[in-house]
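Chemist: here is a sequence together with a model predicted from it:
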Amino acid sequence: MFKDLRRVLGLLRPYRRRFAALVASVAAAQIIETAVFAILIASLMHALGLGSMPAAQTGLSKGMVVTLVAGAAPSARFTNALLLCTALLIGYFLKCACLYAATYLGHYVSQRVVVDLRQRVFDRLVLLPLSFHDVWRTGELMSRITQDVQLVQLLVGGQLIEAVAAPVTIVVGMAVMLKWSWQLTLVCAVFGPPLAILITRAGRRMRVATRLLQAKIADLNARLQERLSSMRVIQSFAREQYEVEHFAAVNQATFGAYMRAARLHALLPPLVEFVGALAVIPMTAFAAYLILLRHSLDAAILIGFVFAGQKVGSQLTRLSRVNLAIQQALAGAGRVFELMDTEPEVRDLPGAQPLDRVQGEVAFRDVSFRYPTGEMVLAGLNLQIKPGEVVALAGPSGAGKTSLVNLIPRFYDPTNGRIELDGHDLRSLTLSSLRSQIGIVPQETVLFGGTIHDNIAYGRIGATREEVIEAANAANAHEFICALPQGYDSEAGEHGVRLSGGQRQRIAIARALLKDPRILILDEATSSLDMESQSLVQEALERLMRGRTTLVIAHRLATIRTADRILVLCDGKITEQGKHEELLTLGGTYARLHDMEYDHPDSARASTSDD
């Protein structure tokens, strides 16, 4: 808990001056509301003649702006009362001014902290390798970067202020009470330790309950995100009722976790208030004894004492709520810091050097690779690819085709062995310079929400309009883009839903052309297109491949006939390699897959779809 709290406070360091001003404003407001008002109210009661003792004996005259004189004429008392009312009005004005400053500064500091924290989390997420994103669900990450960060905002903008205000009020109020009657203060203080134990234990339980609640909210968000993005599949299988029932179960579990935290929220403040109220009865009885029998307590003093005591009691109740809220916020902060503390497995090593331009020679040296939770995918693989060579990867499902190409841009690092680019170990190069030399056109094109122009320009930030149009022309995309209502400024829609599959593929090819990479990875981009779209995309791909080192993952062997070399992978090893005709002559795995494709096209496509 304290570690997370220190880290949250560390986020305030850039804004420490504003936060210090915030704390000072809160403290000033509480001092005015508690000590100054209590003294002024007691003085006003005495000026009105409610006190039975001389002012000098009550201690009210010491340090007062208005000196009260026992036995003064009514006109003098009236003048004193007016002056005290004016002082109260000034006090309220100063208090409100302090509260305004505290509220404004609280919003400023909390929003800046949230902006910084959210940026740090996103910075970390984009640096984490695909192995991390393979495990974590998008909905859960979204929950942490929104819901949990929001809890941190509430902590900085509200709970920390309350955590300053409540102790200041309690300390100042107790000091005033001690000055006026240490006996009555001692009677009230007897109930302090039970309250402290109650608040501390409830805080621990709230922290546990909140972590459970946030985990349930993350599950809910993850399921919602997954199902909303897969609505076509749900409806095609007529699973609407099934999904409704399962979402209801997750929703109900979230409700249960919320109510567990709500019980603590509902129980603790009234319980603290009740325990505080128990102190009123013995205090009242003892005050009656001091006033009526001992004549050592003034009635006006008792009114001021009760006012200060009421402020202290209300702040104890407030402190219980603040403690629960802080524990909730720290539970959320812990989940955010868990993401921030995740170290990327793939990162720039010390001394990594940038590589400005490459020829495109790729070499695998005894490379083995396994996923963290899986079996060996590649085993002792050796491969040399010449600059400008077009190499196709074929083989049954699970053979390791995608795993092999994912190692080149260092989406993953090999478990053993090394991969070289122009003789340089990939791990000796900076990730940015390595990936700037690699272009990828996936089978399922990913487009961002935004315009067609923005999606193509993503290939090279800062590209001119003319360069974007030139890339689109080369990708056979210019014609259909111009036919759209707003041309290049037309919205692509989320994931490019407003475009056909062939159009999305040509946008992706234009993006890769604009990047102008030396190494190209194609996850056979024509496998799911109609004949007309396939022809246009294939023509664009041939322009894109020209003069570049290219690796093609083959789902249909008919599309790789012209490759310079075809590698056949089985169980993570290269079992055959050569040109199309040579491999057919061998009569091995490639020939069998080729025969299946022409005899049973559907089964052949399934058998060669990637792992």
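Modeler: Arrived safely, thanks for sending.
Chemist: and the strands in the stretch 401-550 of the chain?
Modeler: Ranges of strands in the stretch 401-550 of the chain, per DSSP state E, counting those that start in this stretch, are 416-421, 424-425, 438-441, 519-523, 549-553.
Chemist: what residue spans form the domains of this structure?
Modeler: The chain breaks down into these domains under automatic domain parsing: 2-340, 353-437+517-611, 448-515.
Chemist: okay if I get these as a markdown table plus distance to R347?
Modeler: No exception for glycine: its C-beta is placed from N, CA and C like everyone else's. As requested, those are exported to a markdown table (distance: least, C-beta to C-beta, whole Å):
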| stretch | distance to R347 |
| --- | --- |
| domain 2-340 | 7 |
| domain 353-437+517-611 | 7 |
| domain 448-515 | 22 |
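Chemist: now the strands of the stretch 401-550 of the chain in CSV, with mean pLDDT and distance to R565?
Modeler: CSV is the format used below for the strands of the stretch 401-550 of the chain (pLDDT from 0 to 100; distance: least, C-beta to C-beta, whole Å):
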stretch, mean pLDDT, distance to R565
strand 416-421, 93, 18
strand 424-425, 92, 23
strand 438-441, 87, 19
strand 519-523, 87, 15
strand 549-553, 90, 10
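Chemist: nearest to L324, of these?
Modeler: strand 438-441 (49.1 Å; C-beta to C-beta).
Chemist: output that closest one as PDB - backbone C-alpha positions only.
Modeler: What follows is strand 438-441, C-alpha atoms only, in PDB (Å, rounded to 0.1, in the frame of the first residue of the first chain):
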ATOM      1  CA  ILE A 438      10.500  -3.800 -43.200                       C
ATOM      2  CA  GLY A 439       7.000  -3.600 -44.700                       C
ATOM      3  CA  ILE A 440       4.200  -6.000 -43.900                       C
ATOM      4  CA  VAL A 441       1.000  -6.600 -45.900                       C
END
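Chemist: of all the domains of the chain, which lies closest to V346?
Modeler: By C-beta to C-beta (comparing all of those), the closest turns out to be domain 2-340, at 4.1 Å.
Chemist: run the chain-centre distance for that closest one.
Modeler: Centre-to-centre, domain 2-340 and its host chain are 25 Å apart (C-alpha atoms, centre = their mean, to the nearest Å).
Chemist: which of the strands of the stretch 401-550 of the chain sits closest to A21?
Modeler: Short answer: strand 438-441, nearest of these by C-beta to C-beta, at 50.6 Å.
Chemist: which helices and strands sit right next to the closest one?
Modeler: When contacts are defined as 3 or more C-beta pairs under 8 Å, 6 or more residues apart in numbering; DSSP states H and E, strand 438-441 packs onto helix 501-515, strand 519-523, helix 531-545.
Chemist: note down every partner strand of that strand and its orientation.
Modeler: strand 519-523 (parallel) (DSSP bridges).
Chemist: pull the residues that contact the partner strand.
Modeler: 358, 360, 362, 402, 405, 408-409, 421, 437-443, 512, 541, 544-545, 548-553, 610 (C-beta atoms under 8 Å, 6 or more residues apart in numbering).
Chemist: same check on stretch 576-585?
Modeler: With C-beta under 8 Å, 6+ apart, stretch 576-585 has contacts from 557, 560-568, 586, 588-591, 594.
Chemist: can you rerun that using 10 Å?
Modeler: Around stretch 576-585, the neighbours that count as contacts under C-beta atoms under 10 Å, 6 or more residues apart in numbering are 383, 391-392, 394-395, 557-558, 560-570, 586, 588-591, 593-595.
Chemist: next one: stretch 122-135
Modeler: By C-beta under 10 Å, 6+ apart, stretch 122-135 touches 136, 141, 144-145, 339-348, 371-373, 406, 409-413, 431.
Chemist: ok, stretch 214-230 next?
Modeler: Here stretch 214-230 has contacts from 136-144, 146-148, 151, 233-234, 236, 239, 243-244, 246-247, 249-258, 260-261, 328, 331-332, 334-335, 494-495, using C-beta under 10 Å, 6+ apart.
Chemist: of those, buried ones?
Modeler: Neighbour-count burial (16 or more other C-beta atoms under 10 Å) is assigned, among those, to 136-137, 139-141, 143-144, 147-148, 151, 243, 250, 254, 257-258, 260-261, 328, 331-332, 334-335.
Chemist: for the residue nearest the centre of the chain, what are its contacts?
Modeler: Nearest to the mean C-alpha position of the chain, counting by C-alpha atoms, centre = their mean, stands I145 at 1.3 Å. Residues in contact with I145 (C-beta under 10 Å, 6+ apart) are L117, R118, V121, F122, L125, V336, L339.
Chemist: please repeat the previous calculation with a cut-off of 7 Å.
Modeler: R118, V121, F122 (C-beta atoms under 7 Å, 6 or more residues apart in numbering).
Chemist: what would the strands of the stretch 401-550 of the chain look like in JSON lines with distance to R18 and mean neighbour count?
Modeler: Below are the strands of the stretch 401-550 of the chain laid out as JSON lines (distance: least, C-beta to C-beta, whole Å; neighbours: other C-beta atoms under 10 Å):
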{"stretch": "strand 416-421", "distance to R18": "49", "mean neighbour count": "18"}
{"stretch": "strand 424-425", "distance to R18": "48", "mean neighbour count": "14"}
{"stretch": "strand 438-441", "distance to R18": "45", "mean neighbour count": "23"}
{"stretch": "strand 519-523", "distance to R18": "49", "mean neighbour count": "24"}
{"stretch": "strand 549-553", "distance to R18": "54", "mean neighbour count": "25"}
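Chemist: and whichever strand or helix holds F132, C-alpha only, in PDB?
Modeler: According to DSSP states H and E, F132 maps onto helix 130-135. Taking C-alpha atoms only, helix 130-135 is exported to PDB below (Å, rounded to 0.1, in the frame of the first residue of the first chain):
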ATOM      1  CA  LEU A 130       3.400  -9.100 -29.200                       C
ATOM      2  CA  SER A 131       4.000 -11.900 -26.700                       C
ATOM      3  CA  PHE A 132       2.500  -9.600 -24.100                       C
ATOM      4  CA  HIS A 133      -0.500  -8.600 -26.200                       C
ATOM      5  CA  ASP A 134      -1.100 -12.200 -27.100                       C
ATOM      6  CA  VAL A 135      -1.800 -12.900 -23.400                       C
END
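Chemist: all set now, cheers.
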